[in-house]
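Asks: Show me how the following folds:
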Amino acid sequence: MTAAENVCYTLINVPNDSEPPSEVSLKTDLEKGEIKAKTEALKKVIIMILNGEKLPGLLMTIIRFVLPLQDHTIKKLLLVFWEIVPKTTPDGKLLQEMILVCDAYRKDLQHPNEFIRGSTLRFLCKLKEAELLEPLMPAIRACLEHRHSYVRRNAVLAIYTIYRNFDHLIPDAPELIHDFLVNEKDASCKRNAFMMLIHADQDRALDYLSTCIDQVHTFGDILQLVIVELIYKVCHANPSERARFIRCIYNLLQSSSPAVKYEAAGTLVTLSSAPTAVKAAAQCYIDLIIKESDNNVKLIVLDRLIELKEHPTHERVLQDLVMDILRVLTTPDLEVRKKTLQLALDLVSSRNVEELVIVLKKEVIKTNNVTEHEDTDKYRQLLVRTLHSCSVRFPDMAANVIPVLMEFLSDTNEAAAADVLEFVREAIQRFESLRPLIIEKMLEVFHAIKTVKIYRGALWILGEYCSTKEDIQSVMTEVRRSLGEIPIVENEIKKEAGEGKPEEEVSAAPAQKLVTEMGTYVTQSALSSSRPSKKEEDRPPLRGFLMDGDFFVAASLATTLTKVALRYVGIVPDKKRQNSFVAEAMLIMATILHLGKSSLPKKHITDDDVERISLCLKVLSELSPLMNDIFNKECRKSLSHMLAVRLEEEKLSQKKESEKRNVVVQADDPISFMQLTAKNEITSKDDQFQLSLLAAMGNTQRKEAADPLASKLNKVTQLTGFSDPVYAEAYVHVNQYDIVLDVLVVNQTSDTLQNCTLELATLGDLKLVEKPSPLTLAPHDFANIKANVKVASTENGIIFGNIVYDVSGAASDRNCVVLSDIHIDIMDYIQPASCTDAEFRQMWAEFEWENKVTVNTNVSELNDYLLHILSSTNMKCLTPEKALSGICGFMAANLYARSIFGEDALANVSIEKPIHLGPDAPVNGHIRIRAKSQGMALSLGDKINLSQKKSMS
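Replies: Residues are numbered from 1 along each chain as shown. Down below sits the predicted model:
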């Protein structure tokens, strides 16, 4: 067993550069030195013994010259020394000198200083020799009545440890501690005594609890925690006891200690599934989240609430608490808010959606006023998405939400505005009754939009859904307003020449003429004419985009103008007006083309944009019915198809989720009897305290494959050959942030191998925690050596090394067997994850490391190859199934995964089937991997290359 597996009480720092002192010099210091010299010598002795030195000659010296000293530091060091020093002869008998030590500690147990008494009692917990403890028992019992609580609580611990290891030394310990507990007043002493009774004699613990069950709420928090643990264990083992103790757990929910409230709430839910119990526990969790300042605590408790929600019967209870859960949004931490909003969204129903929307609207307005916090923009984005989801699920709410959200189209944060735009696009398509409201609001905020991407989206919505004569004319007014005076080139040249003053009068004239035809928008015309144009920089927004060289927005504008002009021609019978409107639209397009070809903008117009605008001009000049259909019907049809597919996918995923949660029991299902159930089949009956302890110790059992033995065998790596003198193989157990190597070493020779040492080194982001200790192997004997390796990041790591040993009786140098390399699989750290298309694109642009892998496989089907890559890399395909279905000989898909260290990995698969080479031709193409770190990108690329080769073999 390695030092890492032993219970550790004391950590001792050893300086590496110090020379090991000789035994003679140590003996001199211990005999004749001052207190300081003796202290230093004793420290050196302790370190040497820990390193494997025996030093038997110093034992008597320490007993004679150091043990009688009263210095507290020396007494403390002596406790460590007596803990580690060998106390028996090679044949297992106790050393005679230990009788003197025992007598010294009997005196220390009667020492007037409480610190010396208490620390001696703690030391006795670590002794494993019954012969040493037996003479000390009366003194240990006497310490239970000491005036100081420090001595009493350590006496209880000493008695508990001795009773657990050697119950014959103190057979009446439970009775003694029960009497002590009844009369004790100190909280820490009561806690230790009660803890001992739980483990040593549970019935006595229950008797004591029954006598004081009404006073539990007055106890200290440390004792209350132990009481919660006892109640859980008793009710877990014997469910009939629940009624007896459940009232006590209810009382503990009101405890002043957050830890007690948390444990009591968790216990209450496991003991009872009654709605009142679940509601009380959930309410307790919510109070904890709000009152606790530590974000980690908030996230842990939120996870418990989410676990509660997963249970179908508990979900109905939590639905009534949605408004309480939303109180958590007062926390400034983004991660907490994100989880809270997701939980609220999962729990929202038609009964409380109205209240939820009111709260979210208030939160959105708050974010508008607060700009100093760095996460405000991201939080606003989260709120917009939540409101979007609410409106899609409950269409009645859309009318309340849209006016508030439309204000954010003019937001400087493009991400939040893009989310609003996406929501508006979906709402205007789905809810016909809201179209007039959305168009009106869109026209109001149109002039204030600051980012070009949002401007393009807004143009598209206005062009697609403006159907009345007044709305179409309003769109034209807004376009002219944001474009400024036309022709643009002449106007800009005039400005440069310093003749920009008349611009205001000239630009106001055409706007005024258009507005008078509309009748109701006269006030907007006044606004447009009062636009300041004193400086060259104060350009209207659209003109600003064009002067910066962004002509893609001009192509969008051309499409919008074409759509509204075609619609205007269909609505207005007057030929003169028709021609006037179409001519104005064509003039705008022509002047933009002129500007693009001139030297005024920062960048010239691209050929694609020229082609698009020219096409729109051609469509307006010909006005053919076919083009009218394409522009005004086909675009909307493809949008509605996309939204329908997305809705279908959402419903499908929700259905899958609900199917997972609903436990369906068939009439002919076998009945499970607890007494006959195998341990690994018990799921809900796990001891939660035991599970949390295992998790803290890093011993969580992962879900293995159907045959656990087979999955373990897959992780065994052979390190040496069968003909080597020492055979070794390792089982690699990966447990999140560390790796445990369980190495089996077999001596295949007829000699005794001494100082057989496993020497390991690592390559990559791995770190060896400790050096495995040497051992002696008898002929044909075997042993297990364990080594711990810490992992710092997702990267392919290699562990290599050798086994070094001496042959007993041989005069030759040390023998060495070189081990095969152990490759640590990156897949143990990568988990499938999902993100939105926008997040994927943003990360794709930000990540600097790219690894391009050429597809080299014998798989002939595109879908089969994609599935093979997904299974071998643990990544998730973000591209919807609908987009991948069908046979076209080409496939492009986005994959995403996240490591347990929070690193993101993106991949883009672009593959094709070369049809000209026949139906059995293998797939070819590329996979591009992007990651923040070089190691992640290279490791994933290696993994894909390896899996391709496997699929070929």
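Asks: Output the below-cut-off pLDDT ranges for the stretch 751-900 of the chain.
Replies: 793-796, 809-812 (pLDDT under 70).
Asks: which residue ranges form the helices in it?
Replies: Applying DSSP state H, counting those that start in this stretch to the stretch 751-900 of the chain gives helices spanning 837-846, 862-873, 881-884.
Asks: what's the answer for the stretch 201-350 of the chain, then?
Replies: Using DSSP H, counting those that start in this stretch, helices in the stretch 201-350 of the chain cover 202-211, 221-237, 242-252, 258-271, 275-291, 295-310, 312-319, 322-325, 334-347.
Asks: Point out the most buried one among these.
Replies: Between these, helix 258-271 has the highest mean count of neighbours, a mean of 22, where neighbours are mean count of other CB atoms under 10 Å. All C-beta atoms are positioned from the backbone trio N, CA, C, and that covers glycine.
Asks: relative orientation of that helix and helix 312-319 in degrees?
Replies: Here the directions of helix 258-271 and helix 312-319 differ by 140 degrees (axes from the mean of the first three to the mean of the last three CA atoms, to 10 degrees).
Asks: what distance separates helix 258-271 from the centre of its chain?
Replies: Helix 258-271 sits 24 Å away from the centroid of its parent chain (CA atoms, centre = their mean, to the nearest Å).
Asks: Which residues does that helix contact?
Replies: 221, 224-225, 228-229, 231-232, 235-236, 242, 246, 249-250, 252-255, 277-278, 280-282, 284-285, 287-288, 291-292, 297, 301, 304, 308, 314, 688 (CB atoms under 8 Å, 6 or more residues apart in numbering).
Asks: again, only this time at 7 Å
Replies: 221, 224-225, 228, 231-232, 235, 242, 246, 249, 252-253, 255, 277-278, 280-281, 284-285, 288, 292, 301, 304, 308, 688 (CB atoms under 7 Å, 6 or more residues apart in numbering).
Asks: Domain map for the chain?
Replies: 348-446, 448-494+539-636, 713-824, 828-947 (the TED database).
Asks: With respect to Phe180, which of those lies nearest?
Replies: Taking CB to CB, domain 713-824 is the member of those nearest to Phe180, at 40.5 Å.
Asks: What is the end-to-end distance of that closest one?
Replies: In domain 713-824, first residue to last residue: 16 Å (CA to CA, to the nearest Å).
Asks: which helices and strands does the helix or strand containing Val151 pack with?
Replies: According to DSSP states H and E, Val151 maps onto helix 149-165. If you count contacts as 3 or more CB pairs under 7 Å, 6 or more residues apart in numbering; DSSP states H and E, helix 149-165 packs onto helix 114-124, helix 137-143, helix 173-183, helix 187-200.
Asks: Tally up the residues packed near Val216, please.
Replies: If you count neighbours by other CB atoms under 10 Å, Val216 ends up with 21.
Asks: Pull the strand or helix carrying Leu620 out as CSV, backbone CA atoms only.
Replies: Using DSSP H and E, Leu620 sits in helix 607-622. What follows is helix 607-622, C-alpha atoms only, in CSV (Å, rounded to 0.1, in the frame of the first residue of the first chain):
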residue,chain,number,x,y,z
ASP,A,607,-18.2,42.0,-57.4
ASP,A,608,-20.8,39.9,-55.5
ASP,A,609,-22.5,43.0,-54.1
VAL,A,610,-22.4,44.8,-57.6
GLU,A,611,-24.0,41.7,-59.1
ARG,A,612,-26.8,41.6,-56.5
ILE,A,613,-27.7,45.3,-56.8
SER,A,614,-27.6,45.1,-60.6
LEU,A,615,-29.9,42.1,-60.5
CYS,A,616,-32.4,44.1,-58.3
LEU,A,617,-32.2,47.0,-60.8
LYS,A,618,-33.0,44.6,-63.6
VAL,A,619,-36.0,43.1,-61.7
LEU,A,620,-37.4,46.6,-61.0
SER,A,621,-37.0,47.6,-64.6
GLU,A,622,-38.8,44.5,-66.0
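Asks: If we go by neighbour counts, what in it is buried?
Replies: Across helix 607-622, burial judged by 16 or more other CB atoms under 10 Å covers Asp609, Val610, Arg612, Ile613, Cys616, Leu617, Val619, Leu620.
Asks: counting contacts, what elements does it pack onto?
Replies: Against helix 607-622 (3+ CB pairs under 7 Å, 6+ apart) you get helix 552-571, helix 575-597.
Asks: repeat that with 10 Å
Replies: With contacts taken as 3 or more CB pairs under 10 Å, 6 or more residues apart in numbering; DSSP states H and E, helix 607-622 sits against helix 552-571, helix 575-597, helix 625-629.
Asks: Could you dump these into JSON lines with mean neighbour count added?
Replies: Shown next, in JSON lines, are the helices and strands packed on helix 607-622 (neighbours: other CB atoms under 10 Å):
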{"stretch": "helix 552-571", "mean neighbour count": "22"}
{"stretch": "helix 575-597", "mean neighbour count": "17"}
{"stretch": "helix 625-629", "mean neighbour count": "12"}
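Asks: Which of those helices comes out lowest on mean pLDDT?
Replies: Of all the helices and strands packed on helix 607-622, the minimum mean pLDDT falls on helix 625-629 (a mean of 68).
Asks: circling back: relative to Leu360, which of the helices of the stretch 201-350 of the chain is closest?
Replies: helix 334-347 (8.2 Å).
Asks: helices or strands up against the helix or strand following the closest one?
Replies: Following the chain from helix 334-347 toward its C-terminal end, the next helix or strand by DSSP H and E is helix 353-369. Judged by 3+ CB pairs under 10 Å, 6+ apart, helix 353-369 is in contact with helix 322-325, helix 334-347, helix 376-393, helix 398-406, helix 414-430.
Asks: buried residues in the last one?
Replies: By 16+ other CB under 10 Å, the buried positions in helix 414-430 come out as 414, 416-430.
Asks: where does the stretch 51-200 of the chain have low pLDDT?
Replies: Looking along the stretch 51-200 of the chain with the criterion set at pLDDT under 70, you get 52.
Asks: does Leu938 count as helix, strand or coil?
Replies: helix (DSSP: H, G, I helix; E, B strand; the rest coil).
Asks: Next one: it from Lys852, what distance?
Replies: 12 Å (CB to CB, to the nearest Å).
Asks: Please enumerate the shared neighbours of these two.
Replies: Ile929 (CB atoms under 10 Å, 6 or more residues apart in numbering).
Asks: between these two, which one's more packed in?
Replies: Leu938 (17 against 12).
Asks: Surely the more buried one and Ala931 touch.
Replies: Yes: with contacts counted by CB atoms under 10 Å, Leu938 reaches Ala931, the gap being 8.8 Å.
Asks: for Thr749, helix, strand, or coil?
Replies: Counting by three-state DSSP, the backbone at Thr749 sits in coil.
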